[in-house]
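S.K.: Make a model of this:
(chains A and B)
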Amino acid sequence: MRAVANARPNASVQPTSSLSGQAASSAVAPQHPLSERPLRVALMSFAHVHAAGYAALLQSMPNVELRASDPDGGNEPAERRGRGLADDLGVSYVDSYAELLVWQPDAVIVTSENARHRPLVEAAALAGAAVLCEKPLATTLADALAMQAACDAAGVTLMTAYPVRFSPAFARLRELVQAGGLGALLAATGTNNGQIPVGDRAWFTDPALSGGGAMVDHIVHVADLLDALTGLTAQFVRAVSNRILHADKPEVRAETGGLVTISYAGGFVATIDCSWSQPDNAPTWGGLTLQVVGTRGIADIDPFAQHVGGVGADEAVFLGYGKNTDELLLNEFVHAVRAGRAGQPDGAAGIRSLKIVLAAQESARTGEVVSIR
Amino acid sequence: MNIGLIGAGGITHVHIPAWLALGARVTVFSLEGGAEVAAQYGITAVGSLDELLDACDVVDICTPTPTHYRLAERALRAGKHVICEKPIALHPADAAALAELAAFVGKQLHPAHVVRYFPEYALARGAVAAGTIGEPAILRFSRIGEFPTWASWFADEEQSGGIVLDQMIHDLDIARWIAGEVTEVYAVKSVGDGCETAQVVLTHESGALSYVTGVWGAPGTTFATSFSIAGSTGVLKHDSRADASLRFDLGAPVAGTQSMRPDTSLGESPYLSELREFAAATLGGPAPRVSLADATRAVELAAAANASIASGRSESVVRETVAA
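M.R.: Take a look at the predicted model:
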């Protein structure tokens, strides 16, 4: 998943008022009567490629103050990180997480490497901030449960960054299903095929930091959609994977292709193709599709399909115009924090889909069908 | 060429026009409806299997699945070449026995795996073989239609093998044709309210992985097929809905009108291409693109998928030797 970076350089630390008159966001947060002061949002780490996109979107939101820190950014001199990236984005920056939390943010967004979410979420919770954590919530169940426990103990909310939940196409599908338009649900096929995330951030292909390969990257979105759509409990997971795609890239150290089959309580079944199979030279990063089969009909969604296509001088053209789901995700987070409620998808949703990923990894490793507890 | 066609169901009405277009003389025998079929096409109907066997050189079996084995056995023993609808048998052992018998009597048995004759699948197979997308890695195949209510035996798994053996066997065969021999099969199935859908994951010897899904859906479901083949240097895709050269919008689809098989009216009928290849082989021509061994293997894969659905585990389908 790549966010559309709408970065507009801005030296000010004040909330942006676009002089061009064309703000990137058309969303207006309803002013909660109890919290008219600016909402303080802290961005922890620029490790994830989404950090820059989130920063740009938050800067365009009314009544939001943004501050960031990326103390580990210096470890990757080849990548634009730390104060340099903050300057590019026009984001207020401090040198340490401690300093960032002393600022007493109302909300924290964690965009560190997948395996490094836990200490940042725990620190944010301890500082009393509501947390939005990049997906996957963690790379181990122990970490995810500890993060949820830390937020519960501190009385703050935890939300998982699953932007596709906010796709208008998914919302329509959900309405259709809830109205019984598909009858009883029987099965689903999901695909989340993207270009391999190499080049932007080296850690994506280091299993120690990313938690794995295509499975950890691309199962969760579809798994979360199925969770939200059906409310069913996943019981058994069987997965197979291979490394045929991108075998020529020495930096890739995990599976690049995978097929994951999930059996749910009540007989519903689903298979997810989570492969990094979008070719490097494709005109768009990839996409996500979900086909749901019911006893009264079949529905297909393709949330990233809306585009103008064609052929340019050198390559194919793909001009997407679908809703920016990252923006809708951040709107939900900000509204939820202002209203003092838990945003959805919450930490529990993040844990449920993480369990499916971990079961898939175990299944691919052992060849067994794995039960989810 | 004298064709003795058995059966008067859906596929009969595709094969007879193809045979007539190929210049063959067709005699039909069916327990029911043979006279009507004969009248419709101006061909001869006979009243018994013996009469049919006396009247033909090649037997074309277009009957329900559970009769394939006995009829093929009878025709082979009568010294006839045989063309048989898929699946060639309900059980892998029966398919293997037919193969043995055909070899023993020195007659040909051609399985009608017609999807190999659909241009989109043949082109994809050729492109993969030519290296267009490098080494195949992750393949997906989908086949969707309404539940076949036009004949009662489809709904009886004892007679049809369910959606896996009757419908998905097409794509199980295609996946193996394109990505090579299969070593492991895992499958799940979901059934409700007159609908049936299954999902099968194949592990190929090469390490490639295939996902095959089939749907027998609600009445009026439009027939649709699609595939995606991702390889080390590229991706091939086809979707019968998106890639159609002709589309009508005539309001809501009517049950039973759009789901038996895809529209092939814009090119040569793949059924005719298939029968031409089989006919040529019986006259000493080259071996068709699909062999009896392929068909036997397809039955084995489908049976393994059904076994996996029953056991909840993946099933090994490794064989010591697989005849070419």
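
S.K.: Near chain A, which residues of chain B? Just list them.
M.R.: B:135-138, B:140, B:142, B:144, B:184, B:186, B:188-195, B:197, B:199, B:201, B:203, B:207-209, B:211, B:213, B:215, B:217-218, B:221, B:228, B:230-235, B:312-314 (CB under 8 Å from any CB of the partner chain). C-beta: built from backbone N, CA, C; applies to glycine.

S.K.: mind redoing it with 7 Å?
M.R.: B:135, B:137-138, B:140, B:144, B:186, B:188, B:190, B:192-193, B:195, B:197, B:199, B:201, B:203, B:207-209, B:211, B:213, B:215, B:217-218, B:221, B:230, B:232, B:234-235, B:312-314 (CB under 7 Å from any CB of the partner chain).

S.K.: Emit the ChimeraX select command for whichever of the residues you listed are buried.
M.R.: The buried subset of those, as determined by 16 or more other CB atoms under 10 Å in any protein chain shown, is captured in ChimeraX by this line:
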select /B:135,137,138,140,144,186,188,190,192,195,197,199,201,203,207,208,209,211,213,215,217,218,221,230,232,234,235,314
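
S.K.: Cross the residues of chain B next to chain A against strands and list the overlap.
M.R.: Using DSSP state E, the members of the residues of chain B next to chain A that fall within strands are B:137-138, B:140, B:144, B:186, B:188, B:190, B:192, B:195, B:197, B:199, B:201, B:203, B:209, B:211, B:213, B:215, B:217, B:230, B:234-235.

S.K.: low-scoring stretches of the chain, by residue?
M.R.: No chain in the question, so chain A it is. Chain A contains residues with pLDDT under 70 at A:1-35.

S.K.: meant chain B actually
M.R.: With pLDDT under 70 as the threshold, chain B has low-confidence stretches at B:248-260, B:320-324.

S.K.: And stretch A:307-324, how far out from the chain middle?
M.R.: Its chain's C-alpha centre and that of stretch A:307-324 lie 23 Å apart, by CA atoms, centre = their mean, to the nearest Å.

S.K.: Residues contacting that stretch, please?
M.R.: Contacts to stretch A:307-324, defined as CB atoms under 7 Å, 6 or more residues apart in numbering or on different chains, come from residues A:Val4, A:Ser167, A:Pro168, A:Pro283, A:Thr284, A:Pro303, A:Phe304, A:Gln306.

S.K.: what comes up buried for it?
M.R.: For stretch A:307-324, burial by neighbour count (16+ other CB under 10 Å) applies to A:Gly320, A:Gly322, A:Asn324.

S.K.: quick one, phi psi at the second one?
M.R.: Read it as A:Gly322. Phi and psi for A:Gly322, reported as degrees, to the nearest 10, are phi -70, psi 160.

S.K.: cool, and the last one?
M.R.: Backbone geometry at A:Asn324, expressed as degrees, to the nearest 10, gives phi -80, psi 100.

S.K.: Now do it against chain B, distance only.
M.R.: A:Asn324 sits 25 Å away from chain B, taking CB to the nearest CB, to the nearest Å as the criterion.

S.K.: sorry, back to before: which one of the buried residues of stretch A:307-324 is nearest to A:Gln235?
M.R.: Proximity of those to A:Gln235 was ranked by CB to CB; the top entry is A:Gly322 with 33.2 Å.

S.K.: what helix or strand does A:Tyr351 sit in?
M.R.: Quick fix: residue A:351 reads Ile, not Tyr. Using DSSP states H and E, A:Ile351 maps to helix A:347-366.

S.K.: Show me what whichever helix or strand comes after that helix packs onto, helices and strands only.
M.R.: Following helix A:347-366 in sequence order, the next helix or strand is strand A:370-371 (DSSP H and E). If you count contacts as 3 or more CB pairs under 7 Å, 6 or more residues apart in numbering or on different chains; DSSP states H and E, strand A:370-371 packs onto strand A:234-242, helix A:347-366.
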